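Enquirer: Sequence plus the predicted model coming up.
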Amino acid sequence: MTVAAVLLAASPESALADADGVPAIRRIVDAAWSGGATPVVVVSFDPTGAVGAALAGASVTLAEPAPQEQGPAAQIARGADVARAEVVETDGVLLWPARLTWVGPETVTSLIELHGTAPAELLRPTWQGVAGWPALVPIESIEGLRGVAADRMLDDVVADLIARGVGERRVDLGDPGVAIDRGTPRAELPPYVGPTEPPAGHVHEWGSQAADAPDDSPLEGPALAPYAPAGAEEPTG
């Protein structure tokens with residue numbers, strides 16, 4: 001079972017926004033990798049190289065976005081295509097907007113474990129009943145994104161996949177970061193409480209160094225993959 005993380009930054013400014021002293025995109029990459037997502041793909045324009053610099057040394061691939069006029073669904077499909085090119089066995093994709101910087105690695109691990117018991121379902125974490133991110137989409141559903149209208153935003157894209165027959169399961173993982181974005185300082189977040197029972201029906205093995213690492217610790221990984229300049233194209237929403 002291999003689940004990729006596709007991180008979506010609408011602009012370099014979104015990717016590089018401050019997240020408690022760390023560029024937002026770097027904090028998310030570290031949480032995704034620490035939680036067990038592989039490969040990790042960032043979809044963002046990087047005309048100055050600043051996004052790539054923020055990701056240097058992390059286990060991540062920076063991918064040039066699809067053309068802006070194709071909309072958010074095309075950006076997701078682009079990230080999924082890059083992930084599958086890197087790891088053919090990828091069978092799920094975590095869709096992760098860059099504004100959700102406070103998601104903990106335990107949440108990533110829980111979603112991946114639950115995917116193992118429900119591989120055909122779209123999994124959506126919640127906080128106090130509010131649907132959040134990252135959403136875990138079965139790889140078989142990615143082809144359906146190519147038919148989604150360009151003006152559909154991320155929540156609309158998920159709704160369209162469900163309307164096309166993808167089953168959805170929402171799960172409360174006790175992580176406020178899935179629904180509260182970086183507009184709220186990290187120090188002001190409600191406490192993480194965790195699920196009352198293991199979401200996948202068994203106890204996590206948290207003894208690994210990666211899982212136990214603080215989510216604000218930089219993680220060493222392979223060098224950043226080369227990035228093709230985006231030219232004059234504008235960032236997508």
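Expert: Received the coordinates, thanks.

Enquirer: CA atoms for contacts and neighbours, from now on please.
Expert: OK.

Enquirer: tell me the pLDDT at the residue nearest to Gln70 when sequence neighbours are not counted?
Expert: Among residues not flanking Gln70 along the chain, Ala150 sits closest, at 5.0 Å (Cα to Cα, 6 or more residues apart in numbering). Note on Ala150: pLDDT of 93.

Enquirer: Return the backbone torsion pair for Ala150.
Expert: Ala150 has phi and psi values of phi -70, psi -20 when expressed as degrees, to the nearest 10.

Enquirer: Quick check: it touching Pro67?
Expert: No - between Ala150 and Pro67 there is no contact under Cα atoms under 8 Å: 10.5 Å.

Enquirer: what's the residue nearest to Gln70 in contact with, if anything?
Expert: Applying Cα atoms under 8 Å, 6 or more residues apart in numbering, we find Ala150 in contact with 69-74.

Enquirer: That one and Val166: what is the separation?
Expert: In this view, Ala150 and Val166 are 20 Å apart by Cα to Cα, to the nearest Å.

Enquirer: for Met153, same thing?
Expert: Distance of Met153 to Val166, computed by Cα to Cα: 18 Å.

Enquirer: Same check on Glu113?
Expert: From Glu113 across to Val166, the span is 19 Å (Cα to Cα).

Enquirer: do Thr48 as well
Expert: In this view, Thr48 and Val166 are 39 Å apart by Cα to Cα.

Enquirer: which residues of this structure fall in strands?
Expert: Counting by DSSP state E, the chain has these strands, from start to end: 2-8, 18-19, 22-23, 40-43, 61-63, 90-97, 122-127, 130-131, 135-138, 168-172.

Enquirer: need the contact list for the residue nearest the centre of the chain.
Expert: With distances taken as Cα atoms, centre = their mean, Trp96 lies nearest the centre of the chain, 2.8 Å away. Counting by Cα under 8 Å, 6+ apart, Trp96 touches 5-8, 133-135.

Enquirer: Of the residues you listed - the most surrounded one?
Expert: With neighbours taken as other Cα atoms under 10 Å, the top of those is Val6, carrying 34 neighbours.
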